[in-house]
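>>> Sequence and predicted structure below; questions after.
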Amino acid sequence: MCKECGMDYPKAYGKCPSCGAWNSFVEQKIHKQTAEKISHGYINTAKDTTPRLISEVEISEEQRFDTTSTELNKVLGGGLVAGSLVLIGGEPGIGKSTMVLQMALNMKGRKILYVSGEESVSQIKLRAERIGDALSECYLLSENSLEEIFAQIRNTQPDVVIVDSIQTIASESADSSPGSITQVRECASALLKFAKQTNIPVIIIGHITKEGSIAGPKLLEHIVDTVLQFEGDRHYIYRVLRANKNRFGSTDEIALFEMQQNGLREVNNPSELLISQGNEALSGVSIAAMVEGIRPFLIEVQSLVSTAAYGTPQRSATGFDIRRMNMLLAVLEKRAGFRLAQKDVFLNIAGGLRVSDTAIDLAVAMAVLSSNLDISISRDIAMCGEVGLSGEIRPVNRIENRISEAEKLGFSSIIIPYNNNTKLANKHFKINIMPVRKIEDAFRVLFKD
Ligand code: TYD
Ligand code: MG
């Protein structure tokens, strides 16, 4: 079986014929025991197997549980769907256990079973003390055996089951160690069957390692209904939760959290936190009107450009793709004639957020120029626009949301791509809109006037 994609073959290959990964084959012993047997008959296997005409299939409004976190509900598409299997993935220490425990404690009037294969019950209790009082009926179980977990589920009859983490539990039916692909697949499919047939939602946590050497969420992603990815820089307090896959909602929503001493706090108004307060304008700082998912917010881009002290100039970027930064520097050099080849360039996106929206390009380019010239950009101006290879400013999506957000936060002007402006003709904004066609136009607007 290939460790990367989970495909199985009767012989091992050097390169996986399915996903192309090298040296990814491991031997797997196949057991006849199936998911039904593991759960000791808890799962009812009777099912309707005759095909049915689509117009005759009845649908019932899916039942959703309120997770008591508006942000989490939003990412799930409106709450936790009964009978769904949700995977929450993320690097170690990012706050996955904290988030699910917080949810478990707050779901008032519900019975929750929190199974941890990593921590003892008293350790979980210690963590819960930091978060606050339990409003729900929350049961803790420290257990690694899947069979035992099912036995305890039967005894407890919970409304929601949480398993932290899938890599630490194992089924007796497979003789490999916990965390191996066989075990992960076996346990996840047993939990899926369980969720579907009892209508009890199950949340599982999955670790991601840098090399992905442990049976990673890739394999799990195919099995589960919803994949939520928890990301952020561990050294900063902001965390982003996004849906990578959701059978019950859109994948456009993101949720923002802040890690505090007493658990995670929802960030409802990100812009105010991501722009440093204070009126003093500093060189090398620009403000980008961003959209993550469907949510607009403004974020500060900081750059430092200095003459390279030794030979090769250094380039480093935090929260932004370094290759994209190099591309922008090349565009500035070649198309707009700014001399940056002998300069060290450092770039930082506020709050430790990782930005994937290309509309931030313009703000990155302007922050670099501002630092290079040592001229500050007015703190009243926000900007957005994708920079093309010939230095043209290309249109961006959801332009109206970006403009409204900047307007709401009291910015006096916003620089936008010219092509977006032509489509805004009949809209009226109080904010001053400055359309630009090329990187030089933006430069002139900011530094020449
Ligand atoms: P954790 O939920 O254990 O991460 P994961 O399950 O993803 O591995 O969270 C780890 C970090 O969160 C840990 O370094 C401590 C910090 N933390 C807080 O800052 N405040 C809190 O209230 C809690 C419970 C944890
Ligand atoms: Mg954990």
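Arrived safely. Ligands and ions are numbered 1, 2, ... in the order given.

>>> Smallest gap between the stretch 201-350 of the chain and ligand 1, at which residue?
Of all residues in the stretch 201-350 of the chain, residue 263 sits closest to ligand 1, at 4.2 Å by CB to the nearest ligand atom. No exception for glycine: its C-beta is placed from N, CA and C like everyone else's.

>>> Just the pLDDT for that residue.
With respect to pLDDT, residue 263 scores 90.

>>> for it, phi and psi?
phi 100, psi -170 (degrees, to the nearest 10).

>>> and it, how far is that from residue 232?
15 Å (CB to CB, to the nearest Å).

>>> For the two, work out which one has more neighbours and name it.
Between residue 263 and residue 232, counted using other CB atoms under 10 Å, residue 232 has the larger neighbour count: 23 against 20.

>>> so what's that one up against?
94, 238, 239, 240, 352, 353, 354 (CB atoms under 8 Å, 6 or more residues apart in numbering).

>>> Which ones among the residues you listed map onto strands?
238, 239, 240 (DSSP state E).

>>> which of those tops the neighbour count?
Counting neighbours by other CB under 10 Å, residue 239 comes out on top of the ones in strands among the contacts of residue 232 with 25 neighbours.

>>> Across the sheet, point out what pairs with it.
Beta-bridge pairing for residue 239 (DSSP bridges): residue 257.

>>> cool, and residue 438?
Going by DSSP bridges, residue 438 forms beta bridges with residue 392.

>>> Do I have it right that it meets residue 394?
No: the pair residue 438 / residue 394 is not scored as a contact, 10.7 Å apart, by CB atoms under 8 Å.

>>> what's the burial count for the residue nearest to residue 3 when sequence neighbours are not counted?
Among residues not flanking residue 3 along the chain, residue 24 sits closest, at 4.6 Å (CB to CB, 6 or more residues apart in numbering). Neighbour count for residue 24, taken as other CB under 10 Å: 21.

>>> which ones are touching residue 24?
Contacts of residue 24 by CB under 8 Å, 6+ apart are 2, 3, 4, 5, 16.

>>> Please render those residues as JSON lines that adds secondary structure and distance to residue 157 to the earlier fields.
JSON lines is the format used below for those (DSSP: H, G, I helix; E, B strand; the rest coil; distance: CB to CB, whole Å):
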{"residue": "2", "secondary structure": "strand", "distance to residue 157": "39"}
{"residue": "3", "secondary structure": "coil", "distance to residue 157": "37"}
{"residue": "4", "secondary structure": "coil", "distance to residue 157": "38"}
{"residue": "5", "secondary structure": "coil", "distance to residue 157": "37"}
{"residue": "16", "secondary structure": "coil", "distance to residue 157": "43"}
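
>>> Tell me where the stretch 1-150 of the chain has strands.
64-65, 80-81, 85-90, 111-116, 137-142 (DSSP state E, counting those that start in this stretch).

>>> Any figure for the gap between residue 357 and residue 320?
Going from residue 357 to residue 320 by CB to CB gives 10 Å.

>>> can you give me the helices in the stretch 301-449 of the chain?
Taking DSSP state H, counting those that start in this stretch, the helices of the stretch 301-449 of the chain run over residues 322-334, 361-373, 399-408, 418-421, 439-443.

>>> out of the ones you listed, which comes closest to residue 159?
helix 399-408 (36.7 Å; CB to CB).

>>> outside of that closest one, which residues touch it?
For helix 399-408, using CB under 8 Å, 6+ apart, the contacting residues are 271, 289-291, 294, 296-298, 359, 382, 384, 396, 414, 416-417, 420, 423-424, 427, 429-431, 433.

>>> Which of the residues you listed are buried, as a PyMOL select command?
Typed into PyMOL, the line below selects the buried ones among those, using 16 or more other CB atoms under 10 Å:
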select buried, resi 271+289+290+291+296+297+298+359+382+384+396+414+416+417+420+431+433
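
>>> among the contacts of helix 399-408, which are in strands?
289, 290, 291, 296, 297, 298, 382, 414, 416, 417, 433.

>>> ok, of those residues, which one's closest to residue 101?
Closest approach to residue 101 among the ones in strands among the contacts of helix 399-408 (CB to CB): residue 297, at 27.6 Å.

>>> What separation is there between that closest one and residue 379?
Taken as CB to CB, the span from residue 297 to residue 379 is 16 Å.

>>> How many neighbouring residues does the residue in the stretch 301-449 of the chain positioned nearest to ligand 1 have?
Among all residues of the stretch 301-449 of the chain, residue 352 sits closest to ligand 1, at 14.1 Å; criterion: CB to the nearest ligand atom. Using other CB under 10 Å, residue 352 has 17 other residues around it.

>>> just residue 378 next, same as before
Neighbour tally, residue 378, other CB under 10 Å: 13.

>>> And the one 5 residues further on, by the same measure?
Other residues within reach of residue 383 by the criterion other CB under 10 Å amount to 33.

>>> can you check residue 316 too?
12.

>>> how near is the nearest residue to residue 130 once chain neighbours are set aside to residue 70?
Leaving out its chain neighbours, the residue that sits closest to residue 130 by CB to CB, 6+ apart is residue 262, at 5.5 Å. According to CB to CB, residue 262 and residue 70 sit 18 Å apart.

>>> And residue 157, by the same measure?
Distance from residue 157 to residue 70, by CB to CB: 28 Å.

>>> got the contact list for residue 234?
91, 93, 94.

>>> Including pLDDT, distance to residue 448 and neighbour count, could those residues go into TSV?
Below are these laid out as TSV (pLDDT from 0 to 100; distance: CB to CB, whole Å; neighbours: other CB atoms under 10 Å):
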residue	pLDDT	distance to residue 448	neighbour count
91	84	45	16
93	86	47	9
94	88	44	22
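
>>> near ligand 1, which of those show up?
The overlap between the contacts of residue 234 and the neighbours of ligand 1 (CB under 6 Å from any ligand atom) comes to 93, 94.

>>> quick one on the thing from earlier: could I get the helices of the stretch 301-449 of the chain in JSON lines, plus columns for distance to residue 144?
Shown next, in JSON lines, are those (distance: least, CB to CB, whole Å):
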{"stretch": "helix 322-334", "distance to residue 144": "41"}
{"stretch": "helix 361-373", "distance to residue 144": "47"}
{"stretch": "helix 399-408", "distance to residue 144": "47"}
{"stretch": "helix 418-421", "distance to residue 144": "55"}
{"stretch": "helix 439-443", "distance to residue 144": "57"}
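
>>> Pick the most deeply packed of the ones you listed.
Greatest average neighbour count among these goes to helix 361-373 (a mean of 25), per mean count of other CB atoms under 10 Å.

>>> what helices or strands is that one leaning on?
Counting contacts by 3 or more CB pairs under 8 Å, 6 or more residues apart in numbering; DSSP states H and E, helix 361-373 packs against strand 285-292, strand 295-307, helix 322-334, strand 343-349, strand 381-383, strand 386-387, helix 439-443.

>>> and for that helix, what are the contacting residues?
283-288, 301-305, 320, 324-325, 328-329, 331-332, 338, 340, 343, 345, 347, 376-377, 383-387, 393, 415, 439, 442-443, 446-447.
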